[in-house]
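[1] Build the 3D model from these lines:
(one chain, ligands or ions: 1)
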Amino acid sequence: MIIHDVLVIGGSYAGLAAALQLGRARRDVLVLDAGERRNRFASHAHGFLGQDGVPPGEIAARGRADVARYPTVALRDARALSVRAEPDGTFVVATEGDTHRAHRLVLATGVVDTLPAVPGLTDLWGDSAFVCPYCHGYELDEGHLGVLASGPLSLHQAVLVAEWAGADGVTYFTNGAHDPDDAELAELAARNVRVEPRLVRHVGGASPRVVVTLDGGAEVTVAGLFLAPISRPSELALALGCDLTETPFGAVVAADPMTRETSVPGVFACGDAANPMAAIALAVADGVRAGAGVHRSLVMGPAARPRAARSAVSGAR
Ligand SMILES: Cc1cc2nc3c(=O)[nH]c(=O)nc-3n(C[C@H](O)[C@H](O)[C@H](O)COP(=O)(O)OP(=O)(O)OC[C@H]3O[C@@H](n4cnc5c(N)ncnc54)[C@H](O)[C@@H]3O)c2cc1C
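    Okay, here's the model as predicted:
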């Protein structure tokens with residue numbers, strides 16, 4: 001079996017950025033991608049300099065085309081089903097009908113979001129229900145906005161989202177997840193945020209309008225609804241025994257701030273998988289950091305596998 005220098009699991013923004021650095025260092029890289037980007041529900045992506053407003057799949061496709069130009073990098077549409085660390089320091093990854101082996105592993109697997117259990121919400125996700133006002137707030141034209149609480153920290157999202165609302169302000173649907181105290185109520189009122197304590201029974205409507213149906217049947221219409229999903233990292237990180245960092249909205253893989261190496265030597269993590277602040281630009285930057293971190297670990301240190309030494313011994317590429 002070929003032993004690749006690096007296996008990158010996740011071929012979206014972070015994984016492709018890591019692979020690009022490694023391909024440019026002429027390293028043998030295999031990228032596996034299951035094709036489920038976190039933002040696949042949105043028609044347009046915003047806030048990524050130079051590609052503001054471009055469909056998110058197109059940004060990923062451009063990245064893939066960049067990486068595909070490097071002959072030492074292979075891109076494969078496949079899901080990594082399992083992973084194990086071998087005693088010799090390599091990693092073995094199984095895909096359907098195949099097995100792959102590498103000296104280093106990059107987890108660029110993103111996260112899986114769990115939305116609050118409100119009927120209709122999944123149909124609106126990425127269309128008129130969003131997580132990030134920087135990504136989607138501007139297009140809502142300073143309309144009346146909604147925030148759906150998933151816990152007490154959603155108060156901060158309501159205060160933030162008020163920056164993008166017009167004269168009608170924000171309605172904060174606490175939905176049984178947050179019971180603001182007097183100080184919080186005063187803070188919300190000062191920002192033109194109205195608190196709606198009735199439970200949310202359904203959300204629907206056609207973009208750019210969301211109709212929120214409350215317990216008892218009353219309806220509130222907003223131009224867009226913001227919420228913080230609870231997210232979790234890939235099972236692969238758990239199987240490898242990588243340390244996690246807990247955040248109020250789910251766990252991410254703990255990784256060195258500079259090299260992005262995890263608590264498991266030889267395993268690196270980048271992008272949303274390892275960073276609670278989600279944005280394409282940050283995922284790309286994190287992938288660049290991980291790519292350089294992986295490369296340095298191949299060049300220097302006790303488990304190094306320098307290309308120059310390999311070429312001198314075997315005449316390999
Ligand atoms: C609705 C929505 C809209 C958003 N809009 C914006 C926006 O406008 N602008 C912006 O900057 N950010 C936006 N974001 C955030 C952005 O989507 C993320 O920050 C970004 O996708 C993170 O990139 P990533 O490469 O880390 O992970 P992802 O893009 O999520 O990619 C992870 C990849 O890994 C693959 N993968 C996972 N497990 C495996 C496995 N076992 N085997 C193989 N492959 C695997 C997945 O299939 C996926 O292709 C949005 C997020 C959401 C939820």
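[2] rest of the way, CA atoms for contacts and neighbours
    Noted.
[3] Run the chain-centre distance for stretch 261-278.
    A distance of 11 Å separates the C-alpha centroid of stretch 261-278 from that of its chain, computed with CA atoms, centre = their mean, to the nearest Å.
[4] just stretch 278-291 next, same as before
    Mean C-alpha position of stretch 278-291 versus that of the full chain (CA atoms, centre = their mean) differs by 10 Å.
[5] What mean pLDDT does that stretch get?
    Along stretch 278-291, the predicted local confidence has a mean pLDDT of 98.
[6] Leu155 and Gly146: what is the separation?
    For Leu155, the distance to Gly146 (CA to CA, to the nearest Å) stands at 12 Å.
[7] Between the two, tell me which one has more neighbours.
    Neighbour comparison, Leu155 and Gly146: the larger count goes to Gly146, with 29 against 24 (by other CA atoms under 10 Å).
[8] Relative to the ligand, how far out is Trp10?
    Not Trp; residue 10 is Gly. Between Gly10 and the ligand the computed distance is 3 Å (CA to the nearest ligand atom, to the nearest Å).
[9] so that residue sits right up against Val111, yeah?
    No - look at Gly10 against Val111 with CA atoms under 8 Å: they stay out of range, at 10.6 Å.
[10] Neighbour count for these two, which is higher?
    A direct count of neighbours by other CA under 10 Å for Gly10 and Val111 places Gly10 higher, at 28 against 25.
[11] Just give me the neighbour total for Ala308.
    Neighbour count for Ala308, taken as other CA under 10 Å: 12.
[12] Just the pLDDT for it.
    72.
[13] On the three-state scheme, it is what?
    On the three-state scheme (DSSP: H, G, I helix; E, B strand; the rest coil), Ala308 is labelled helix.
[14] Could you report the separation of it from the ligand?
    Separation of Ala308 from the ligand (CA to the nearest ligand atom): 31 Å.
[15] Gly97: neighbouring residues, count only.
    Using other CA under 10 Å, Gly97 is surrounded by 5 other residues.
[16] So it versus Arg79, what's the distance?
    Shown here: Gly97 relative to Arg79, a distance of 11 Å by CA to CA.
[17] Leu227 bridge partners, please.
    Leu148 (DSSP bridges).
[18] For the nearest residue to Pro233 once chain neighbours are set aside, give me the pLDDT.
    Ranked by CA to CA, 6 or more residues apart in numbering and with sequence neighbours excluded, the top spatial neighbour of Pro233 is Val111, at 4.7 Å. Reported pLDDT at Val111 in the predicted model: 97.
[19] just Ala312 next, same as before
    60.
[20] Number of residues surrounding Tyr138?
    So Tyr138, with other CA under 10 Å, has 14 neighbours.
[21] what's it in contact with, if anything?
    The contact partners of Tyr138, by CA atoms under 8 Å, 6 or more residues apart in numbering, come to Trp164.
[22] what's it sitting at in phi/psi?
    According to degrees, to the nearest 10, the main-chain angles of Tyr138 amount to phi -60, psi -40.
[23] do you know how far it is from Val210?
    When CA to CA is the yardstick, Tyr138 and Val210 sit 16 Å from each other.
[24] Excluding residues flanking it in the chain, which one is nearest Thr72?
    Closest residue in space to Thr72, ignoring its immediate chain neighbours: Asp28 at 4.8 Å, by CA to CA, 6+ apart.
[25] okay but the one you found is in contact with Val6, surely?
    Yes - with contact taken as CA under 8 Å, Asp28 and Val6 are classed as touching, separated by 6.5 Å.
[26] Between the two, which has more neighbouring residues?
    Between Asp28 and Val6, counting by other CA under 10 Å, Val6 is the more crowded of the two (28 against 20).
[27] Which residues does the more buried one form beta bridges with?
    In beta-bridge terms (that is, DSSP bridges), Val6 pairs with Val29, Arg104.
[28] Confirm for me that it is in contact with Arg26.
    No - applying CA under 8 Å, one finds Val6 not in contact with Arg26, separated by 11.3 Å.
[29] show me where the stretch 101-250 of the chain has helices.
    Assignment of helices within the stretch 101-250 of the chain using DSSP state H, counting those that start in this stretch yields the ranges 121-124, 133-136, 154-161, 182-190, 235-240.
[30] near the ligand at all, the last one?
    So that's helix 235-240. No - for a cut-off given as CA under 6 Å from any ligand atom, helix 235-240 has no contacts with the ligand; the smallest distance is 6.8 Å.
[31] Who are the packing partners of that helix?
    Helix 235-240 makes packing contacts with strand 82-85 when contacts are defined by 3 or more CA pairs under 8 Å, 6 or more residues apart in numbering; DSSP states H and E.
[32] Who are the packing partners of the strand it packs on?
    Looks like strand 82-85 contacts strand 91-95, helix 235-240 (3+ CA pairs under 8 Å, 6+ apart).
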